[in-house]
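J.: fold the following and give me the result.
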Amino acid sequence: MSLKGKILVCTAGWLVLITALHCYLNVNWGAVLNDFRPPGKRKVVVAYIPVTCQLTCPVTDYISKFSENGEIFFPRMFQGFPEIKEALISNKVQAAFVVAPLAIALVSQGVPIKVVYLGHRYGSALVVRKNGPVKNFTDLRGRTVAIPSRFSDERLILFRAMKVWGMKPGDIKMVEMAPPDVSGALAAGAIDGFVMGEPFPSQAELGGFGRVLFQARDYWPDYMSCILVVRQDLIDKRPEAVQVLVDGIARSGLWLDKGKPYREDAADFVGRYYYNQKPALLRWALTHPLDRVVYSQLSPRKADFDMVRDLMIETGVLNKKIDFSEYTDTRFSDNASIQTAWKYQPGIATAK
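T.: The predicted structure follows:
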């Protein structure tokens, strides 16, 4: 074989080796092969977006890998709720963290899903440009504010604030925008403000171009936004898998609420391995102050959802009353209420 031929063979062999190593180290083969397993043995695929309202999803995935039974589900990250909605309807994901109004709207449209748990309480804020013309809420009259979806609690927060300040629904122009895009849009002057979940308010603050005008809890005590929904066919055929999912999420919430060191650890591994965000940003959002977002005591409550439903009707995104029992299944959260926090410490490769 000529020298040129030997070089080509060696180069091809090197490329094959590198490709094989990449596939071995970076591809989750369990997730890739999941669809080929018998339906009753497939792991649930859970959709989420990179916000702290949904932090228990990656935290559960990360910690459960160190447990005796291994990972509970396969997480799949999206950038916005419209894509999650389509994936949920088409059964590409069987569970998802979405905003509460979207879940209610989907059920009213005949999509067979149920709310089984909350993702958090608090954690959303209205942010405006730091040195901009908006000094108080009424200065937003005639200006543009980004929201994650017309079916979002953040949109409802704006309407609640507008009512308090005597403003009409059309006084603020609301535009839908994927959460990861809002900070850049605010910095560029494309919008005058945004209402989003963390860490994007913190991102604007730390970037020096944003200022929190108000926290969601200022106008909505016990505010909730993101909730966990599951397809009805999974509930009917594999309720035990749904219970394991809810138990894991509940345990992660309790673990996060144990104190600052746990949140700092979560900021590190979630930022690096899941959200592709700087851990310092997540640390700020999760610890300034510690109750900026809360992850425990998250069973769905009828009063909370009735208020969301009524606000949706009042603001024109829902055309009929839908009862709490039609879109929730509380038996899983009831059973999860006896769970305890994960026993996991950074640097120790075991979890219980």
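J.: what is the helix or strand that contains A267 packed up against?
T.: If you go by DSSP states H and E, A267 is part of helix 260-270. Where contact means 3 or more Cβ pairs under 8 Å, 6 or more residues apart in numbering; DSSP states H and E, helix 260-270 is packed against helix 56-64, helix 239-256, helix 279-287. The C-beta positions use only the backbone N, C-alpha and C, and glycine is treated the same way.
J.: next, the buried residues of the second one.
T.: Of the residues in helix 239-256, those scored as buried under the neighbour-count criterion (16 or more other Cβ atoms under 10 Å) are 241-256.
J.: can I see the domain layout of the protein?
T.: What automatic domain parsing lists as the domains of the chain is 1-36, 44-118+230-290+312-336, 124-218.
J.: could I get those domains in CSV, plus columns for distance to K343 and mean pLDDT?
T.: Shown next, in CSV, are the domains of the chain (distance: least, Cβ to Cβ, whole Å; pLDDT from 0 to 100):
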stretch, distance to K343, mean pLDDT
domain 1-36, 24, 57
domain 44-118+230-290+312-336, 9, 96
domain 124-218, 26, 96
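J.: same list (those) but as a markdown table, adding distance to I348.
T.: As requested, the domains of the chain are exported to a markdown table (distance: least, Cβ to Cβ, whole Å):
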| stretch | distance to I348 |
| --- | --- |
| domain 1-36 | 23 |
| domain 44-118+230-290+312-336 | 8 |
| domain 124-218 | 27 |
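J.: out of the helices and strands packed on helix 260-270, which is closest to A336?
T.: The closest of the helices and strands packed on helix 260-270 to A336 is helix 239-256. By Cβ to Cβ, the value is 4.1 Å.
J.: convert the C-alpha atoms of stretch 212-227 to PDB, please.
T.: Output in PDB follows, covering the C-alpha atoms of stretch 212-227 (Å, rounded to 0.1, in the frame of the first residue of the first chain):
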ATOM      1  CA  VAL A 212     -37.600  44.200  38.400                       C
ATOM      2  CA  LEU A 213     -40.700  46.400  38.500                       C
ATOM      3  CA  PHE A 214     -42.600  43.900  40.500                       C
ATOM      4  CA  GLN A 215     -42.600  40.200  41.600                       C
ATOM      5  CA  ALA A 216     -45.700  38.100  40.700                       C
ATOM      6  CA  ARG A 217     -46.500  37.600  44.400                       C
ATOM      7  CA  ASP A 218     -47.000  41.300  44.700                       C
ATOM      8  CA  TYR A 219     -50.300  41.000  42.800                       C
ATOM      9  CA  TRP A 220     -51.000  37.300  43.200                       C
ATOM     10  CA  PRO A 221     -50.300  35.700  46.700                       C
ATOM     11  CA  ASP A 222     -49.400  32.000  46.400                       C
ATOM     12  CA  TYR A 223     -48.700  32.600  42.700                       C
ATOM     13  CA  MET A 224     -48.100  29.500  40.600                       C
ATOM     14  CA  SER A 225     -47.300  29.200  36.900                       C
ATOM     15  CA  CYS A 226     -45.800  26.000  35.700                       C
ATOM     16  CA  ILE A 227     -47.500  22.700  36.400                       C
END
